[in-house]
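Engineer: Using only what follows, build the 3D model:
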Amino acid sequence: MKHDLKPYPAYKDAGVAQLGKVPEHWQVRRQRNVLRMLVSTIDKHTLEGELPVRLCNYVDVYKNERITGSIPFMRATAAQEEIMRFRLQSGDVLITKDSESWNDIGVPALVEYSAPDLVCGYHLAILRPYNTLLVGDYLLRALQSQGVAVQYHVAANGVTRYGLSHDAIKSIVLPVPPITEQTAIVGFLGHIDRRIRRHIRAKQTLISLLNEQKQAIIDRTVGRGLDPNVRFKASGVEWLGDVPEHWRILRAKYVFREIDHRSERGEETHLSMSQKLGLVPTATVEQRTLLSETYVGGKLCEKGDLVLNRLKAHLGVFARATQSGVVSPDYTVLRPKSPMVVPYFEHILRSPTCRYELRIRAKGIVQGFWRLYTDDFYDIRLPVPPVKEQEQIVTTLDAQTASMRKAIERAEQEIDIFREYRSRLIADVVTGKLDVRSAAAQLPREAEEPKPLGEADTLADSDEENGVVELDAASGEPVDG
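Structural biologist: Sure thing, here's the model as predicted:
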């Protein structure tokens, strides 16, 4: 089945630069005219005399395209009048209205699950479509499109924290097709997304298997060395097991020392921890953070230092600094006491068994987080081969895992390309650049897949140049071009 998506026959100027031209028969309306807006006042507190509620909060919206019953909502309390006013209804669209970053403003999620105790939390707004004018699922897609999202970004006010006024939200301009076309658009995009999720899950499974294989090679090599004929001894450490007889077992305090030099102005290169990329300049970290970090008084590190995130949920995440800079004061900067091959110890400390050992040594709660104190880290026992052998292990591992790293990188690049395409497809369809009415009418009837469309599954595959989505006639799957 091949859907050759063409433009509409006639267009008009939308009157808003971000939207450009829209089909001649579509309306262009401000949100105040097509939906009701409610800004929640319910915070994540538990107060005596109030009723228990489940709170759909900022993170639930930020990380989920659809609000379903599978989300572990926060427990809180609210007054009866607040519950009545801010109770979620199926078809509502929630948006983030306050954030540390201007481009995190207006992130939408469609409500597909409602319950008497499920309410909207603080820092969010409810957009409740007038059902004779707007379909909730179409509103979700419209808010995801660049032409509408940019309006939110421009309207956000602030310096260190950004927010939207009630009037700004109501003044956002939407392309509004007739209800029948909204339904067609929703059906078409949903159909493509369901095809895409199957493919992206396969890619994610491949990446997971490659990572497991790579980690198994690393764990075996850094714990047992390269010589298959070497004699072993008991390490006396449960998570290490037996190690080569000539290796030493040392407490971490004899291998590393903590460096606690502070930045006076925070002007050095800001480095952030990424599970995928390691310790890299903050500007290159793709994932957004919900909490801003201050680097005045941050810890200075040098190229080659090991840096530890010592707060849960990322407790035990290690990365080697590839350049000098300043890191969060919540990190621990470690430097070898004597000549050592730091990448070898990075492998050891990032292994699942060692990370578990680090986590069970965390204690106390500081500002709501468990913390791994330096003295507890110093007590960890580490295998220490001769330096020459450390070098050989690292060189061999680089060679053995190179093909797996490249395969993982290719799969991740494909995922990024698919995500970019999906964003463009949504933008073109919800603003009428492509007409999907005929294609939607030809779609087969199908049940919605049980897993909701999430952040990692929002991918697509087709010919971007011509707006063509080619599907196999029998299976309905995208055809590889």
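Engineer: contacts and neighbour counts: CA atoms only from here.
Structural biologist: Noted.
Engineer: So Glu264 sits against Gly297, correct?
Structural biologist: Yes: Glu264 is in contact with Gly297 according to C-alpha atoms under 8 Å; the separation is 5.8 Å.
Engineer: Who has more neighbours out of those two?
Structural biologist: Higher neighbour count among Glu264 and Gly297: Gly297, with 16 against 13, using other C-alpha atoms under 10 Å.
Engineer: which parts of stretch 31-38 are buried?
Structural biologist: 31-32, 34-35, 37-38 (16 or more other C-alpha atoms under 10 Å).
Engineer: Now the two most distant members of the residues you listed.
Structural biologist: The span of the buried residues of stretch 31-38, defined through C-alpha to C-alpha, is set by Val34 and Leu38 at 13.5 Å.
Engineer: got the buried residues of stretch 31-38 as JSON lines, with pLDDT and distance to Ile408 columns?
Structural biologist: Formatted as JSON lines, those follow (pLDDT from 0 to 100; distance: C-alpha to C-alpha, whole Å):
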{"residue": "Gln31", "pLDDT": "97", "distance to Ile408": "43"}
{"residue": "Arg32", "pLDDT": "96", "distance to Ile408": "46"}
{"residue": "Val34", "pLDDT": "97", "distance to Ile408": "45"}
{"residue": "Leu35", "pLDDT": "97", "distance to Ile408": "44"}
{"residue": "Met37", "pLDDT": "96", "distance to Ile408": "43"}
{"residue": "Leu38", "pLDDT": "96", "distance to Ile408": "44"}
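Engineer: Which ones among these map onto strands?
Structural biologist: 35, 37-38 (DSSP state E).
Engineer: Show me the strands in the stretch 151-300 of the chain, by range?
Structural biologist: Ranges of strands in the stretch 151-300 of the chain, per DSSP state E, counting those that start in this stretch, are 157-158, 162-163, 173-176, 232-234, 242-244, 248-251, 256-259, 271-274, 278-281, 299-301.
Engineer: can you pull out the strands in the stretch 1-150 of the chain?
Structural biologist: Using DSSP E, counting those that start in this stretch, the strands of the stretch 1-150 of the chain run over 2-4, 11-13, 21-23, 27-30, 35-39, 51-56, 66-67, 74-78, 93-96, 98-99, 108-111, 118-120, 124-129.
Engineer: right, and those - which one's nearest Ala142?
Structural biologist: Judging those by C-alpha to C-alpha, what sits closest to Ala142 is strand 108-111, at 9.6 Å.
Engineer: Can you name every helix or strand that the closest one contacts?
Structural biologist: helix 58-63, strand 66-67, strand 93-96, helix 136-144 (3 or more C-alpha pairs under 8 Å, 6 or more residues apart in numbering; DSSP states H and E).
Engineer: Try it again at 6 Å.
Structural biologist: When contacts are defined as 3 or more C-alpha pairs under 6 Å, 6 or more residues apart in numbering; DSSP states H and E, strand 108-111 sits against strand 66-67, strand 93-96.
Engineer: Please convert these to CSV, extending it with distance to Val59 and mean pLDDT.
Structural biologist: Compiled in CSV, those are given as follows (distance: least, C-alpha to C-alpha, whole Å; pLDDT from 0 to 100):
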stretch, distance to Val59, mean pLDDT
strand 66-67, 11, 96
strand 93-96, 9, 97
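Engineer: Nearest to Arg405, out of those?
Structural biologist: That would be, of the helices and strands packed on strand 108-111 and by C-alpha to C-alpha, strand 66-67, which comes in at 32.5 Å.
Engineer: Name the strands paired with the closest one and say parallel or antiparallel.
Structural biologist: When sheet partners are counted by DSSP bridges, strand 66-67 sits next to strand 108-111 (parallel).
Engineer: Which secondary structure element is home to Ile417?
Structural biologist: In this assignment (DSSP states H and E), Ile417 forms part of helix 387-430.
Engineer: Kindly provide the whole-number mean pLDDT of that helix.
Structural biologist: Helix 387-430 comes out with an average pLDDT of 93.
Engineer: going on from that helix, what's the next piece of helix or strand?
Structural biologist: Counting by DSSP H and E, what follows helix 387-430 is helix 437-441.
Engineer: tell me what that next one is packed against?
Structural biologist: So helix 437-441, by 3+ C-alpha pairs under 6 Å, 6+ apart, packs with helix 179-224.
Engineer: Now do the helix it packs on, average pLDDT.
Structural biologist: The average pLDDT for helix 179-224 rounds to 92.
Engineer: and the angle from it to helix 387-430?
Structural biologist: Relative orientation of helix 179-224 and helix 387-430, computed by axes from the mean of the first three to the mean of the last three C-alpha atoms, to 10 degrees: 180 degrees.
Engineer: Check which helices and strands helix 179-224 is in contact with.
Structural biologist: Going by 3+ C-alpha pairs under 6 Å, 6+ apart, helix 179-224 lies up against helix 437-441.
Engineer: May I see the buried residues of the helix it packs on?
Structural biologist: For helix 437-441, by 16+ other C-alpha under 10 Å, it's 437, 439-440.
Engineer: got the CA positions of that helix in PDB?
Structural biologist: Extracted in PDB, the C-alpha atoms of helix 437-441 (Å, rounded to 0.1, in the frame of the first residue of the first chain):
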ATOM      1  CA  ARG A 437      -7.800  12.500   3.700                       C
ATOM      2  CA  SER A 438      -7.600   9.900   0.900                       C
ATOM      3  CA  ALA A 439      -4.800   7.900   2.600                       C
ATOM      4  CA  ALA A 440      -6.800   7.900   5.900                       C
ATOM      5  CA  ALA A 441      -9.900   6.600   4.200                       C
END
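Engineer: Averaged pLDDT, it. What do you get?
Structural biologist: For helix 437-441, the per-residue pLDDT averages 90.
Engineer: contacts for stretch 386-403?
Structural biologist: Tyr344 (C-alpha atoms under 6 Å, 6 or more residues apart in numbering).
Engineer: go on, stretch 171-186?
Structural biologist: Stretch 171-186 is touched from outside by 26-31, 138, 437, 440, with contacts defined as C-alpha under 6 Å, 6+ apart.
Engineer: Pull out the buried residues from it.
Structural biologist: Those buried within stretch 171-186 under the rule 16+ other C-alpha under 10 Å are 171-177, 181-186.
Engineer: Pull the most distant pair out of those residues.
Structural biologist: Ser171 and Ala184 (26.1 Å).
Engineer: And this protein, split by domain according to the record?
Structural biologist: 1-19+178-225+390-481, 27-176, 230-384 (automatic domain parsing).
Engineer: Of those, which stretch is the most buried?
Structural biologist: Comparing these by mean neighbour count (mean count of other C-alpha atoms under 10 Å), domain 27-176 comes out on top with a mean of 19.
Engineer: Kindly state the pLDDT recorded for Asp480?
Structural biologist: Predicted confidence (pLDDT) for Asp480: 35.
Engineer: Same check on Tyr356?
Structural biologist: Reading off the model, Tyr356 has pLDDT 84.
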